[in-house]
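A.B. asks: need a structure here:
(2 chains)
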Amino acid sequence: MAQLEVIFQNESNKTLVLLGNEAIARGIIESGVSGVFTYPGTPSSEIPTTLYEAQDFLKSIGYKLYLEWSTNEAVALEAAFGFSFSGQRTIFISKHVGLNVAADAFMTLVNAGVKGGLVLIIAEDPHMHSSQNEQDNRWYTKLANVPMFEPSSAQEAKDMLKSAFELSEKFETPVILRTVTRIAHSRADIVLDSIKFPEWEKDISLEIDPRRFVCVPRNARMNKQRILNLTKRISEELESTKWNVMETGDQVNHIFITCGSAYNYLKEFLNLVGLNPPILKIGISHPFPNKKIKEYLESYPHSDLIIVEEADDILETFVKKLAFEVKFKGDIFGRREGVTPSYGELTTYKVWEGLMKVYPGIPPLPIIPNDRLELLINRPPVLCPGCPHRATFYALNKAVSKKKRVVSTDIGCYTLGAAPPLNTGHVVICMGSSVGIGSGLAHIEGNKEPIIAIIGDSTFWHTGLPGLVNAVYNKSKLLLLAVDNSATAMTGFQPNPGEILSIEAAAKGVGVKYVATIDAFKPKESIPIIKEAITHEDVSVIVSKGECRIQYVRREGLPTTTFFVESERCVGCHTCVRLIACPAIMWSGMINSKGKEIPVIDQSLCARCGLCAEVCPYGVIVSKEIENALGD
Amino acid sequence: MEKTQKFEVFLCGVGGQGILSITDILCNAAVKMGFRVRGSETHGMSQRGGTVFSNVRFGNVYSPLCLERNTDILLGFEPTEALRYAHFVKPDGYILVNVHPIPSPSFILSKAIYPDIKIVLNSLKEYCANTIPLNATTIAMEMGKTIIQNIIMLGTLSAIPSLPLSSESLLEALREQFDPKYFDLNKEALERGRKEFEKGLS
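C.D. replies: Prediction:
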């Protein structure tokens, strides 16, 4: 990743290699944004994180930026909306499902509109690299009637931001900029534009018209008409936009319409096979560019049309409707005709595969041999060596049998505990859902097994708290195990309210009677506390504290005491491997006198937490000063 | 390299092996030489101890992702991970593979045996005859720092004759990537890696 003073240098026309999200962060500063409101989520997290880390630098060059890690996306959007009454440019950033959390605020504020520029950057994750669902948020634009920019590259994403703000300010409407993983986490050469420093007036008198912004039915009816009229005017404005680009070509039997990331795979493929057909790239997908597409179809009356898009077939649905209206004579090939798959991420290979079905004369696909599959080893993401969650879950498993409990877990690193051998999760659907689902499970009368809800610190503050209030109010018999690692670790260590707020105090404050704190790295002491907590007739809360090991080691360095298996004493019971499956514990290849294989701790991976020494029933995993151990 | 041509490297291994630093260096060296650059990599949840890959493409490119059977070089930091992505390399390209194995916890739990490295190498050769094994991890440990295994891999890659990146641009990108106090060690690791290429060919 590039250095902050390089990313935010006050230069223009320079070329830098940037991560897509770094380029977008740069675009925010080039657009003169004053307020950023966000909750981290992959693949959007590096945008606010880059700005957050650059705050001191930006201040030093005289750029005034307010950046807020909001407790969740609903609050973030509400706060962004509030801040935008300053007339200053304001940004909301979230991952695709974050807009679901903010959807209530979003749907109505679109109708009421804004007084200052407000752009929502929403990052989608086709193929669900780090997500619980695959959702095409372009549907939201049809639902809410909100303009959407769809960049096909990081450069476009950065540059479109400025156009998005101009549109937002001119029409007093929020605007969405949609990215996907392969833009957010892409790298490209990016040409810088100059930084625009926000100008603040000393005294601002806020003018907020209650007839528009108090969304009671009478005003809401007016706002509904407002948005309908506005959409027409925005459509007209965008007829000549530079972001819907027509590329002429010399092979006109087939013409293409594409948008966003799909454009890259299509271009890559056409280049590779030496084809040069016309392409219309849609950069602003809502309001739907009827006029532009109509003109395009009418300029190629004897061609067949191919639509290439990633995720849902939204462009295709509206293009086909329009083609019917303008009586387009050619064949139209899209999702239904197998040009693109209906889920997952597009690739050049998939575009090639799809076009084989509809475009005559395309060379055959590269053949991929599959003879290596039996040699591959399964490598899912796992809890890191030294992770406090592993230690907490070990204690939980000792206290409550894995076979006699129901565990509703939540979203964060600790979700990974659901895999064997820890098995700490039967169900998870969305942020903060562990307590709500747990509450429902608790009221199933014939169920005799204890209900355990697991939640992380950041997720607790995000949307866990209302679930806890519900569990107290409705007397749900469950244990909420809050695994507090003092970090929002999965998304890259963004701050959260846990820095100054206490989960224990919150639990007591809303009326939880049994609240206990345990040390994640002292499982033996925790076991009786967990055992007691599940006997209570209402909701009980245990907060397991243990700092994220990555965060700890980055700050403090590795401890000088490390852990070794004394191979000559190891009986080969394999308890350490079976119960905690730490990535640092491996097979040594050595066999003991009883013919059992002996595990070894890989010192290059070990984070020196000592959990394995606690777990070993024979005490053969021992601590040593690393200096003394080097000779071993 | 002609304007209409492209060059691509696919890097893969396990989270924490320094793959993203090498991605940075390759991208920056390519931009220094005036190439258009496109790449993409693994972030977020999948990073935690899981399989990690990164695409580096430059020249006449649009997609941030490599195309199967079309990639010039596969840089594998772990043997079975190299094999997982071997279908990206073109048959007349190069596979450079660090032979130091890293088993996964679920694999250890299953008590399966890590495949014989010779069998893995033979399988890699089925995809690409120019498969060059080296033990970057051992060499790095000998040099006193396991972490520089990635620079050793970069050194081996830099010796590939078809690579359109000059050693000056690579060295400059390497210099800019890390704290200046590590530059001498990194340069030594780069040189050490280069020698592995010649060894691998013989």
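A.B. asks: and the helices in chain B, which stretches?
C.D. replies: For chain B, the helices defined by DSSP state H cover B:19-32, B:79-84, B:105-109, B:117-127, B:136-142, B:149-158, B:167-177, B:183-201.
A.B. asks: tabulate the ones you listed (TSV), appending mean pLDDT, distance to chain A and mean neighbour count.
C.D. replies: C-beta here means a position set from N, CA and C on the backbone, and glycine is covered the same way. Below are the helices of chain B laid out as TSV (pLDDT from 0 to 100; distance: least, Cβ to the nearest Cβ, whole Å; neighbours: other Cβ atoms under 10 Å in any protein chain shown):
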stretch	mean pLDDT	distance to chain A	mean neighbour count
helix B:19-32	95	4	24
helix B:79-84	96	5	26
helix B:105-109	77	4	20
helix B:117-127	96	5	17
helix B:136-142	93	8	20
helix B:149-158	97	10	27
helix B:167-177	96	9	17
helix B:183-201	93	16	17
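A.B. asks: want to throw those helices into TSV with distance to residue A:97?
C.D. replies: Below are the helices of chain B laid out as TSV (distance: least, Cβ to Cβ, whole Å):
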stretch	distance to residue A:97
helix B:19-32	26
helix B:79-84	29
helix B:105-109	27
helix B:117-127	38
helix B:136-142	39
helix B:149-158	34
helix B:167-177	35
helix B:183-201	41
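A.B. asks: longest helix anywhere in chain A?
C.D. replies: helix A:217-238.
A.B. asks: which positions in that one come out as buried?
C.D. replies: The neighbour-count check on helix A:217-238 (16 or more other Cβ atoms under 10 Å in any protein chain shown) flags A:219, A:223, A:226-227, A:230-231, A:234-235, A:238 as buried.
A.B. asks: CA atoms only: put that helix into PDB for me.
C.D. replies: What follows is helix A:217-238, C-alpha atoms only, in PDB (Å, rounded to 0.1, in the frame of the first residue of the first chain):
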ATOM      1  CA  PRO A 217     -47.700  12.000   5.700                       C
ATOM      2  CA  ARG A 218     -48.700  15.500   4.400                       C
ATOM      3  CA  ASN A 219     -45.000  16.400   3.700                       C
ATOM      4  CA  ALA A 220     -44.100  12.900   2.600                       C
ATOM      5  CA  ARG A 221     -46.800  13.100  -0.200                       C
ATOM      6  CA  MET A 222     -45.200  16.300  -1.400                       C
ATOM      7  CA  ASN A 223     -41.700  14.600  -1.300                       C
ATOM      8  CA  LYS A 224     -43.000  11.700  -3.300                       C
ATOM      9  CA  GLN A 225     -44.000  14.100  -6.100                       C
ATOM     10  CA  ARG A 226     -40.700  15.900  -5.700                       C
ATOM     11  CA  ILE A 227     -38.700  12.800  -6.300                       C
ATOM     12  CA  LEU A 228     -40.800  11.800  -9.300                       C
ATOM     13  CA  ASN A 229     -40.400  15.200 -11.000                       C
ATOM     14  CA  LEU A 230     -36.700  15.300 -10.000                       C
ATOM     15  CA  THR A 231     -36.000  11.900 -11.700                       C
ATOM     16  CA  LYS A 232     -37.300  13.300 -15.000                       C
ATOM     17  CA  ARG A 233     -35.100  16.400 -14.700                       C
ATOM     18  CA  ILE A 234     -32.000  14.300 -13.700                       C
ATOM     19  CA  SER A 235     -32.700  12.000 -16.700                       C
ATOM     20  CA  GLU A 236     -32.600  15.000 -19.000                       C
ATOM     21  CA  GLU A 237     -29.500  16.400 -17.400                       C
ATOM     22  CA  LEU A 238     -27.700  13.100 -17.800                       C
END
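A.B. asks: chain center to that helix: distance?
C.D. replies: In terms of Cα atoms, centre = their mean, to the nearest Å, the centre of helix A:217-238 is found 31 Å from the chain centre.
A.B. asks: and the contacts of that helix?
C.D. replies: A:108, A:110-113, A:145, A:147, A:167, A:170-171, A:173, A:210-213, A:215, A:244, A:284, A:287-291 (Cβ atoms under 8 Å, 6 or more residues apart in numbering or on different chains).
A.B. asks: now that helix: mean pLDDT?
C.D. replies: Helix A:217-238 carries an average pLDDT of 96.
A.B. asks: and if you look at stretch A:175-184?
C.D. replies: 97.
A.B. asks: how does chain A divide into domains?
C.D. replies: According to automatic domain parsing, chain A comprises the domains A:4-238, A:245-356, A:388-553, A:559-629.
A.B. asks: closest one to residue B:122 among these?
C.D. replies: domain A:559-629 (21.8 Å; Cβ to Cβ).
A.B. asks: quick check, the closest one touching chain B?
C.D. replies: Yes - against chain B, domain A:559-629 shows contacts by Cβ under 8 Å from any Cβ of the partner chain at A:577-578, A:581-583, A:585-587, A:604.
A.B. asks: list every C-alpha atom in stretch B:15-34, with coordinates, as CSV.
C.D. replies: The C-alpha coordinates for stretch B:15-34 follow below in CSV (Å, rounded to 0.1, in the frame of the first residue of the first chain):
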residue,chain,number,x,y,z
GLY,B,15,-1.7,-15.3,4.4
GLY,B,16,1.4,-13.7,6.0
GLN,B,17,4.0,-14.7,3.4
GLY,B,18,4.6,-11.2,2.1
ILE,B,19,2.8,-11.6,-1.2
LEU,B,20,1.2,-8.2,-1.2
SER,B,21,4.6,-6.5,-0.8
ILE,B,22,5.9,-8.2,-3.9
THR,B,23,2.7,-7.2,-5.7
ASP,B,24,3.4,-3.6,-4.8
ILE,B,25,7.0,-3.8,-6.0
LEU,B,26,6.0,-5.4,-9.3
CYS,B,27,3.2,-2.9,-9.9
ASN,B,28,5.5,0.1,-9.0
ALA,B,29,8.3,-1.2,-11.2
ALA,B,30,5.9,-1.6,-14.1
VAL,B,31,4.6,2.0,-13.7
LYS,B,32,8.2,3.3,-13.6
MET,B,33,8.6,1.7,-17.0
GLY,B,34,5.5,3.5,-18.3
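A.B. asks: what residue is smack in the middle of chain B?
C.D. replies: residue B:75 (2.7 Å; Cα atoms, centre = their mean).
A.B. asks: how near is the closest residue to that one other than its chain neighbours to residue A:531?
C.D. replies: Nearest residue to residue B:75 in three dimensions, chain neighbours excluded: residue B:11, at 4.6 Å (Cβ to Cβ, 6 or more residues apart in numbering or on different chains). Residue B:11 sits 48 Å away from residue A:531, going by Cβ to Cβ, to the nearest Å.
A.B. asks: the two: which is more packed in?
C.D. replies: Counting neighbours by other Cβ atoms under 10 Å in any protein chain shown for residue B:11 and for residue A:531 shows that residue B:11 has the greater number, 31 against 12.
A.B. asks: do I have it right that the more buried one meets residue B:71?
C.D. replies: No - Residue B:11 is beyond contact range of residue B:71, at 10.2 Å (criterion: Cβ atoms under 8 Å).
A.B. asks: got the contact list for the nearest residue in space to residue B:190 that is not next to it in sequence?
C.D. replies: Counting by Cβ to Cβ, 6+ apart, residue B:155 is the residue found nearest to residue B:190 once chain neighbours are left out, at 4.0 Å. Shown in contact with residue B:155 (Cβ under 8 Å, 6+ apart): B:189-196.
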